[in-house]
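Q: Could you work out the structure for the sequence below:
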Amino acid sequence: MELQRSQAAWAVWLDLECRMGVGHSCSLIYRPFLSGEPCSAEKSQHEEPAAGAGTLSSRLQIEVGQTEGFHSGQIPSPARGTMRGWSRVKYFMFPCTTSQLFHFRQCRVQSVGSGKGFLSEVMRVELQWKEIMDNTQLPTHVILKTTNSEKLSRFVKSDHMTPSEEEATRMTMELFHNTECAVYEMFSSDPPGIPLATCYCTVPIRADNETPMVVLQDLHVNGKHQPIEKGLTVDQLFDVADKLAKLHSWSLTTKYRWKEKVPACETFCSIVQREAKHFVEATAHRLKGKTKKLDAIDVDKIKLLLADEEKMTKLMTSFRSLIPEVIVHGDLWSNNLIFSIDEKTSEASGNLIAIIDWQICHQGSFAEDLCNLFGCSIDESTRRDYTEAVFKRYFNTLNELISGELPLPSFEKAYAEFRTTLAHHYVIACCSDAVTVSDLHVSSEVKELLYERIANSYLEGIAYLQL
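A: All right, here's what the predicted structure looks like:
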């Protein structure tokens, strides 16, 4: 992964903390440097990276010292003296014994974020250990997400934004990152009963110089995404519907004040309306000339729909007459779903083991997450044949989980609201979906297939709404 020296602000420190006795601690600290091959833990590293360095690799430091009252979450005082001007620092902890600590060999960092994360950088950190004889399970991989100013700069400069619009987009990116941090902290305090990756560390964007990041368990060791070109299977759709019902029922019944942690529906509506216009422009100027699959999309018709802000807000809040706000994931598609691996086929099974990427989480409609799911993540035949069945599975599960705690509408009324929301989603979200597909690292054949799905769902939405 080729990086510029200025990107050293991505520094991440893995502090594997252990107790060696009262008032003692031992910390093995890792940070990426811009230099050569990774160094082993036995070597002492104190020099700064060489000027002009290219690939991202790792250096390790061992610090042993007396720290009165040290506990998990604090930085040992010896480590403070070794930062040497690296002000953007964050620690997160894996408990381990003294002997286990010194079996740590090295770290490697790999970028895995192409097409993943909304204007963020996603990296896999590999933790390599020497053989340990006591059968202790130590983490071998973690996922690190951080904001990417270069991605953001390219985005805001490419679609004819005014300076005020650029600033609004930057503030939106800050909101998204801080929302994901808040969501993982919230779910740690009051688990919603859905499968999630363990979160080791969150650093929101603040006024200080800490690098914003989210550090998560890497579930790709035991799970995988369903390939987007195959589309989610019926079994996978039903399992996701069950998990969504569980998430939504939690938000409808919990005493936790979750609405204080995520953006309000109206806030998110205004963001959608503003950012959707830029995606429409991007589709019109950058994508439609590259593929004929998107020719069916009438960007002028979408612009007219988005221009009526009062109608858009009414559309996006009409659900309230049926079911109160639920917590909405906001970006539910196949790349944000991890399934266990089928032992017989080595493919993604029908068992969902994690929903990831909570940046766009907000208060909103019970219909929204399923609408996102029925975008380009599902092939057309499955979408046509199973839309009602999947929604019925979700609605019946929600009814069972609510158990009379909250009055719900009839299935017919709820499904009518869902179908109307879905049709508008097919029309409004087609351009953002197309831009997302254009950034995926997949073959041109797969992109053409996905563009065709997007265009056909757009036409289905236009027909349903009689636009």
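Q: Tally up the residues packed near Leu304, please.
A: Leu304 is flanked by 11 other residues according to other C-beta atoms under 10 Å. For glycine as for every other residue, the C-beta is placed from the backbone atoms N, C-alpha and C.
Q: before we move on, what SS does it have?
A: Of the three states, Leu304 takes helix under DSSP: H, G, I helix; E, B strand; the rest coil.
Q: avg pLDDT for the longest helix along the chain?
A: Ranked by residue count under DSSP state H, the longest helix found in the chain is helix 163-189. Mean per-residue pLDDT for helix 163-189: 86.
Q: next helix or strand past that helix?
A: Per DSSP states H and E, the first helix or strand lying C-terminal to helix 163-189 is strand 199-203.
Q: Could you list every helix and strand in contact with that following strand?
A: Counting contacts by 3 or more C-beta pairs under 8 Å, 6 or more residues apart in numbering; DSSP states H and E, strand 199-203 is packed against helix 163-189, strand 213-217.
Q: who wins for proximity to Leu127 among the ones you listed?
A: strand 213-217 (11.8 Å; C-beta to C-beta).
Q: Can you work out which other helices and strands pack against that closest one?
A: For strand 213-217, the packing partners by 3+ C-beta pairs under 8 Å, 6+ apart come out as strand 141-147, helix 163-189, strand 199-203.
Q: and the shortest one with helix 163-189, angle?
A: Spelled out, it's strand 199-203. Interaxial angle, strand 199-203 versus helix 163-189 (axes from the mean of the first three to the mean of the last three C-alpha atoms, to 10 degrees): 140 degrees.
Q: got the angle between strand 199-203 and strand 213-217?
A: 180 degrees.
Q: where in the stretch 151-300 of the chain is pLDDT low?
A: Within the stretch 151-300 of the chain, the stretches falling below the threshold (pLDDT under 70) are 151-162, 165, 207-210.
Q: Val122 belongs to a strand?
A: Yes: under three-state DSSP, Val122 sits within a strand.
Q: Dump the helices and strands packed on strand 199-203 into TSV; add distance to Gly375 and mean neighbour count as well.
A: Shown next, in TSV, are the helices and strands packed on strand 199-203 (distance: least, C-beta to C-beta, whole Å; neighbours: other C-beta atoms under 10 Å):
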stretch	distance to Gly375	mean neighbour count
helix 163-189	19	18
strand 213-217	24	24
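Q: Out of these, which gets nearest to Lys303?
A: Among the helices and strands packed on strand 199-203, helix 163-189 comes nearest to Lys303, with 15.6 Å by C-beta to C-beta.
Q: which one of the helices and strands packed on strand 213-217 lies closest to Cys430?
A: Cys430 lies closest to helix 163-189 among those, at 20.4 Å (C-beta to C-beta).
Q: could you say what helices and strands the closest one packs with?
A: Judged by 3+ C-beta pairs under 8 Å, 6+ apart, the packing partners of helix 163-189 are strand 141-147, helix 149-158, strand 199-203, strand 213-217, helix 265-282.
Q: Break down this structure into its helices, ranges please.
A: Applying DSSP H to the chain gives helices spanning 77-80, 98-101, 149-158, 163-189, 234-253, 265-282, 299-307, 309-317, 368-373, 380-402, 411-428, 430-439, 444-465.
Q: okay, those helices in a markdown table with distance to Asp218 next?
A: Formatted as a markdown table, those follow (distance: least, C-beta to C-beta, whole Å):
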| stretch | distance to Asp218 |
| --- | --- |
| helix 77-80 | 25 |
| helix 98-101 | 19 |
| helix 149-158 | 22 |
| helix 163-189 | 15 |
| helix 234-253 | 20 |
| helix 265-282 | 29 |
| helix 299-307 | 38 |
| helix 309-317 | 35 |
| helix 368-373 | 24 |
| helix 380-402 | 29 |
| helix 411-428 | 31 |
| helix 430-439 | 22 |
| helix 444-465 | 24 |
